[in-house]
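In: quick one: sequence and predicted model below, then my questions.
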Amino acid sequence: MSVRSKRGLLHLGYEKTILSEATDPNLLYDLERQLFDFHIFDDNNIKEFAKVYFNPKSTQGQLYGLLSPFVDRYRQLEKDERIE
């Protein structure tokens, strides 16, 4: 995967992955950096989401509310940067 290959990166979370051999942990950091390059979310957003996600009293509506701004920012990307 190329570093600038923005197409398809946001879709990674929706596909099944089967690991047949050991992975390089640096690849995860590379992927993290690529996702942050979209400037759709940052570390604070992830921490806020995780706090709600791991709270057993949280509702799906609360999670959707936290994700909504990211969806809006994604939709504001230039069409050639978005996944169709």
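Out: Arrived safely, thanks for sending.
In: where are the low-confidence patches of this protein?
Out: Within the chain, the segments meeting pLDDT under 70 span 1-20, 83-84.
In: in it, mark out all the helices, start to finish.
Out: Applying DSSP state H to the chain gives helices spanning 25-36, 43-53, 60-75.
In: any idea of the angle the second one forms with helix 60-75?
Out: Relative orientation of helix 43-53 versus helix 60-75 (axes from the mean of the first three to the mean of the last three C-alpha atoms, to 10 degrees): 150 degrees.
In: which of the residues in helix 43-53 are buried?
Out: residue 49 (16 or more other C-beta atoms under 10 Å). Quick note: C-beta positions are derived from backbone N, CA and C, even for glycine.
In: next: the first one.
Out: When burial is assessed from 16+ other C-beta under 10 Å, helix 25-36 yields the following buried residues: 34, 35.
In: alpha carbons of that helix, in CSV - could you do that?
Out: Written as CSV, here are the backbone C-alpha positions of helix 25-36 (Å, rounded to 0.1, in the frame of the first residue of the first chain):
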residue,chain,number,x,y,z
PRO,A,25,4.2,-3.8,14.4
ASN,A,26,5.7,-0.8,12.6
LEU,A,27,3.2,-1.4,9.8
LEU,A,28,0.5,-0.6,12.3
TYR,A,29,2.2,2.7,13.1
ASP,A,30,2.6,3.4,9.4
LEU,A,31,-1.2,2.8,8.9
GLU,A,32,-2.0,5.0,11.9
ARG,A,33,0.1,7.8,10.4
GLN,A,34,-1.6,7.4,7.1
LEU,A,35,-5.1,7.6,8.7
PHE,A,36,-4.1,10.7,10.7
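In: returning to that earlier point: ok, which of the helices of the chain comes nearest residue 82?
Out: helix 60-75 (6.7 Å; C-beta to C-beta).
In: against which helices or strands is that closest one packed?
Out: On a contact count with 3 or more C-beta pairs under 8 Å, 6 or more residues apart in numbering; DSSP states H and E, helix 60-75 meets helix 43-53.
In: what does the helix it packs on contact?
Out: Under the criterion C-beta atoms under 8 Å, 6 or more residues apart in numbering, residues 58, 62, 63, 66, 67, 70 lie in contact with helix 43-53.
In: any idea how far residue 80 is from the fifth one?
Out: When distances are taken as C-beta to C-beta, to the nearest Å, residue 67 and residue 80 turn out to be 23 Å apart.
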